[in-house]
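**Q** How does the following fold in three dimensions:
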Amino acid sequence: MNIKQAKEEIEKSIQAYLLKNEFGEYLIPRVRQRPILLMGAPGIGKTAIMEQVARECGVALVSYSITHHTRQSAIGLPFISHKTYGGKEYAVTEYTMSEIIASVYNKIEETGLAEGILFIDEINCASETLAPAMLQFLQAKTFGAHSVPDGWLIAAAGNPPEYNKSVREFDVVTLDRVKKIDVEPDFQVWKEYAYQQSVHGAILSYLEIKKNNFYAMETTVDGKRFVTARGWEDLSTILKVYEAMNLAADAGMIVQYLQHQKIARDFANYLDLYNKYKTDYHVEDILNGTFTEQSVSKLSAAAFDEKLSVLGLLLSRLSVDFRLAYERDLFTTELHQSLLELKERFQSSYCKETPWDKLMEGLLEEKETAFTQAQKANLLDQSTKRSRRMTIERLIAYENDIKGLGIHEKDEVFVQMKTAFAKEVALRENSIDTAAKELNNTFLFLEEAFGAGQEMVIFITELTTNFYSVKFISENGSEKYYQYNKELLFDEKQKSILKDIESAKAEGTLLF
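**A** Okay, here's the model as predicted:
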């Protein structure tokens, strides 16, 4: 199955394992809670989905790569204790708690989350001395003499033997005690994730043209040549940093991430073209609605690969503003909720004599503690993390500004905060208006260049795939988008996608 299907299967397993009866007992007893074993080629996202699953299920996550451990760190160190049997004292060997098990208890204390996932990566690459302990771990959920706490599920990942010489195959006895999930690379599924992670537009448009280059693993006389999903994502990060530093990315740098000379050179050549198209077609002018007839004619007559590249440029640029609008909304909503909480404290009879700044400091302390705890539990995605950090910083700024004005009455303090908050609401509306205008201007440009051709179908489909554009359009609408959906996206699969968008909106899972 692909990585998305694997993620859904893991989430279902966690929900089932953590379900309790009326007495607070797990419906599936501990002995029947099979560890989840993900098997698949390296770099396809096995570790990443465990982080997503833990965050979305609201449980803690402790992650280890077993190749970094010795038998002593995994099982614990021996020590001599004394026990009495039949009235006679004996020296007995016991073991300190495993570092891995101890880290689970530490995570519980740090986060306050009693339930979680203990994830062991590269489990079938354990050293010879540690291999028996790994089998015991999968079969009995223990390291040495210490058990994984109740409410903590075991997940593990490994690579098939053809990718790693250190791999040890599991026997039938072990495999009969796990939920084994085989995972295969899938570009279309990864693309959904890539949009949400804001992977560089050049990578997305290149792989749309060269899908076969998404994942490669070859053995040649010169050694291994490979490209992985992890490599593309890491390359995206460095490309963005290079652009911020005004540095050019050449094939020599790219091959450090795409360790396949042919694909690295091919992408380097494409990146040069991608940057050239950005200048040739004046992308910012298209978004602003000031595009020229020359740009329209040039794109209309271009080769199909060039058309796809320009579509990728436009989609990438639009995605930046869709994400900005999404994060601005998260922040505004978070800040509004915080101000409501503060207002309740100002109006509470219990806090009547408490100065406003003390109440403000109390709220800030609670927000900072909750933020730190959620971070340690890995419960925040990047957008939510950013919005909460911005909320805390803005509240501190409000506090400092009001102290500078010398205001002491709570009613006056709140009026000042309400006025300041109105500016944030205006910025939110401005970000939405900007994205909406740019989307409409892009449609106008593409209409002139392609009419209702296959390029428009591709554009509509990509908007429907992009996490941020789906959220934006679902809340704010787009006449052109719905028009072309009705006219062009008529097959059952595309109808299903649109139905999912409307369902998400009706269920309130879309946050705008």
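**Q** Regarding this structure, what is its longest helix?
**A** Longest helix in the chain, counting residues (DSSP state H): helix 304-347.
**Q** Tell me which helix or strand comes right after that helix.
**A** Sequence order places helix 356-376 as the next helix or strand after helix 304-347, per DSSP states H and E.
**Q** The longest helix of the chain vs helix 356-376, what angle?
**A** Using axes from the mean of the first three to the mean of the last three CA atoms, to 10 degrees, the inter-axis angle of helix 304-347 relative to helix 356-376 is 140 degrees.
**Q** tell me the mean pLDDT for helix 304-347?
**A** For helix 304-347, mean pLDDT rounds to 93.
**Q** chain center to it: distance?
**A** How far helix 304-347 lies from its chain's middle: 16 Å, per CA atoms, centre = their mean, to the nearest Å.
**Q** Kindly report the same for stretch 402-418.
**A** 39 Å.
**Q** And stretch 158-173, by the same measure?
**A** With CA atoms, centre = their mean, you get 28 Å for stretch 158-173.
**Q** Repeat that for stretch 126-140.
**A** Stretch 126-140 has its C-alpha centroid displaced from the chain centroid by 31 Å (CA atoms, centre = their mean).
**Q** Just the C-alphas of that stretch, formatted as PDB.
**A** Only the C-alpha atoms of stretch 126-140 are listed here, as PDB (Å, rounded to 0.1, in the frame of the first residue of the first chain):
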ATOM      1  CA  ALA A 126      19.900  -4.300  15.300                       C
ATOM      2  CA  SER A 127      23.300  -5.600  16.200                       C
ATOM      3  CA  GLU A 128      23.800  -9.300  16.700                       C
ATOM      4  CA  THR A 129      23.900  -8.900  20.500                       C
ATOM      5  CA  LEU A 130      20.700  -6.800  20.500                       C
ATOM      6  CA  ALA A 131      18.700  -8.900  18.000                       C
ATOM      7  CA  PRO A 132      17.200 -11.300  20.700                       C
ATOM      8  CA  ALA A 133      16.100  -8.300  22.700                       C
ATOM      9  CA  MET A 134      14.300  -6.900  19.700                       C
ATOM     10  CA  LEU A 135      12.400 -10.100  19.200                       C
ATOM     11  CA  GLN A 136      11.500 -10.000  22.900                       C
ATOM     12  CA  PHE A 137      10.400  -6.400  22.500                       C
ATOM     13  CA  LEU A 138       8.000  -7.200  19.700                       C
ATOM     14  CA  GLN A 139       6.700 -10.400  21.300                       C
ATOM     15  CA  ALA A 140       6.400  -9.300  24.900                       C
END
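**Q** in that stretch, what's buried?
**A** 126-127, 130-131, 133-135, 137-138 (16 or more other CB atoms under 10 Å). All C-beta spots, glycine's among them, are computed from the backbone N, C-alpha and C.
**Q** so can I have TSV of those showing secondary structure?
**A** Listed next are these as TSV, based on DSSP: H, G, I helix; E, B strand; the rest coil:
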residue	secondary structure
A126	coil
S127	coil
L130	coil
A131	helix
A133	helix
M134	helix
L135	helix
F137	helix
L138	helix
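**Q** Of those, which pair is most distant in space?
**A** Across the buried residues of stretch 126-140, no pair lies farther apart than S127 and L138, at 16.1 Å, counting by CB to CB.
**Q** What about the nearest residue to L77 once chain neighbours are set aside, how many residues nearby?
**A** The shortest distance from L77 to any non-neighbouring residue, by CB to CB, 6 or more residues apart in numbering, is to T96 (4.8 Å). The tally of other residues near T96 (other CB atoms under 10 Å) stands at 15.
**Q** low-scoring stretches of the stretch 351-500 of the chain, by residue?
**A** 488-500 (pLDDT under 70).
**Q** can you give me the helices for it?
**A** Ranges of helices in the stretch 351-500 of the chain, per DSSP state H, counting those that start in this stretch, are 356-376, 382-405, 410-450, 454-465, 467-476, 479-488, 492-506.
**Q** again, but for the stretch 101-250 of the chain
**A** Going by DSSP H, counting those that start in this stretch, the stretch 101-250 of the chain shows helices at 131-140, 172-175, 187-196, 201-209, 229-244.
**Q** Just the mean pLDDT for the first one, thanks.
**A** To tie it back to what came earlier, the one meant is helix 131-140. 77.
**Q** quick one: contacts of it?
**A** 35, 37, 66, 71, 74-75, 120, 123-124, 126, 142-144, 147, 154, 156, 168, 170, 173-174, 177-178 (CB atoms under 8 Å, 6 or more residues apart in numbering).
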